[in-house]
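# coordinates for the following, if possible.
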Amino acid sequence: MHKKLISLPGLEREAHQGVGVGKLTLPARTELIVQLPVSMGSRIGEGLVEKAEIALGVYLAESLVKVNNGHIITSIVNSREQDVELPNPVVKVVELRDHDVGETVLIGGRTAER
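Next up, the predicted model:
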């Protein structure tokens, strides 16, 4: 498995928020760290990208992300033996809410809830 960091065309600072990037080609048996646009109309600043099989043998990593100019950085794995093309990849970011998340911290050997 190879890991690569790629820059996708059309993701410059002037790119429109929520607009797809055309197509993304994933080389065979590769993990890519990619910058992808979020769903149109999303106003979430930070959130969770849920793990998903977005095509046969192609997986989007579960990750905690920060939305910057309508885009996030995450990982995609192509486990197939051939290249895969994804047309207009757009990611849905799920908002994290305080009442949904209990933060637990280990302090001096004991656990404390914040």
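
# okay, and the helix or strand of this protein with the least pLDDT?
The element with the least model confidence among the helices and strands of the chain, by mean pLDDT, DSSP states H and E, is strand 104-107, at a mean of 46.

# contacting residues for Leu60?
Going by C-beta atoms under 8 Å, 6 or more residues apart in numbering, Leu60 touches Val49, Glu50, Lys51, Ala52, Glu53, Ile54, Thr74, Ser75, Ile76, Val91. In short, each C-beta sits where N, CA and C put it, glycine included.

# out of everything not next to it in sequence, what's closest to the second one?
Excluding the flanking residues, the one nearest Glu50 by C-beta to C-beta, 6 or more residues apart in numbering is Glu62, at 5.9 Å.

# could you measure from that neighbour over to Lys23?
Here the distance between Glu62 and Lys23 works out to 24 Å (C-beta to C-beta, to the nearest Å).

# equivalent analysis for Tyr59, please.
When C-beta to C-beta is the yardstick, Tyr59 and Lys23 sit 18 Å from each other.

# out of these two, which sits in the busier spot?
More neighbours sit around Tyr59 than around the other of Tyr59 and Lys23, counting by other C-beta atoms under 10 Å; the figures are 16 against 11.

# the nearest residue to the more buried one once chain neighbours are set aside: which element?
The spatially closest residue to Tyr59, leaving aside those adjacent along the chain, is Val77, at 4.7 Å (C-beta to C-beta, 6+ apart). Under DSSP states H and E, the secondary-structure element containing Val77 is strand 71-78.

# for that strand, which positions count as buried?
Taking 16 or more other C-beta atoms under 10 Å as the basis for neighbour counts, the residues of strand 71-78 that come out buried are His71, Ile72, Thr74, Ile76, Val77, Asn78.
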